[in-house]
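Participant: here is a sequence with its predicted model. Questions after.
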Amino acid sequence: ALRKKLDKMIPDLAARKELAGAALAYEGRNWGMAAADLKKTDPGITEITPGLCTLSRAIAGVPARFEFRFLDGRVISAGLFFAPPGLAQAELEQLRLLISVQYGWPANCRTVEDGELSCAWAGKSGVDIDTAGVRREGEPQELSVTLTSRKLIDELAGVARGAAGQ
């Protein structure tokens, strides 16, 4: 029985590695591109609202959705969302460990509703990385890995403050 459990965990871990890798691949992206430029990178990207584009794709056999958020018409974050194939807490812990291999231990972790762990890392070049469980009304729970360009947000906020001061 233990062997069967282990055999099941190995492909699940491989899938988790691919999901984490797909999300983390956006760290080196050209933050600040406009929606039109982002859409040129993949024909599957669709604009939902002026501040949100999505892309649905299976990664390692797991249905996943990318969400790209914009501020002042520029991409500031890329998030990967997927339904946990197993127990959400265990899946989040696996993601935390996989991301920690590349980025070290999270800058902070906190327990949120249902005892799930939400963690944040300070990535390279002013990019923050967050993992969390996401609940949307009437839909099954999802897990997320979100990258946000803190550097670009600070730049855009500085431009806004500078314009307001004139």
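Facilitator: Looks like it came in fine.

Participant: what number of residues are in the vicinity of Glu27?
Facilitator: By other C-beta atoms under 10 Å, the residues close to Glu27 number 17. Where C-beta positions appear, they are placed from N, C-alpha and C, glycine not excepted.

Participant: confirm that it sits in a helix.
Facilitator: Yes: judged by DSSP: H, G, I helix; E, B strand; the rest coil, Glu27 forms part of a helix.

Participant: that one contacts Thr148, doesn't it?
Facilitator: No: counting by C-beta atoms under 8 Å, Glu27 stays clear of Thr148, with 10.5 Å between them.

Participant: shared neighbours, these two?
Facilitator: Both Glu27 and Thr148 are in contact with Val127, where contact means C-beta atoms under 8 Å, 6 or more residues apart in numbering.

Participant: what residues are up against Leu143?
Facilitator: 81-84, 88, 91-92, 95, 131-134.

Participant: looking at these, spot the one nearest Thr46.
Facilitator: Of all those, Phe81 has the smallest distance to Thr46: 15.0 Å, by C-beta to C-beta.

Participant: how near is that closest one to Gly73?
Facilitator: Phe81 is 23 Å from Gly73, where distance means C-beta to C-beta, to the nearest Å.

Participant: the two: who's more crowded?
Facilitator: Using other C-beta under 10 Å, the more surrounded residue of Phe81 and Gly73 is Phe81, with 20 against 13.
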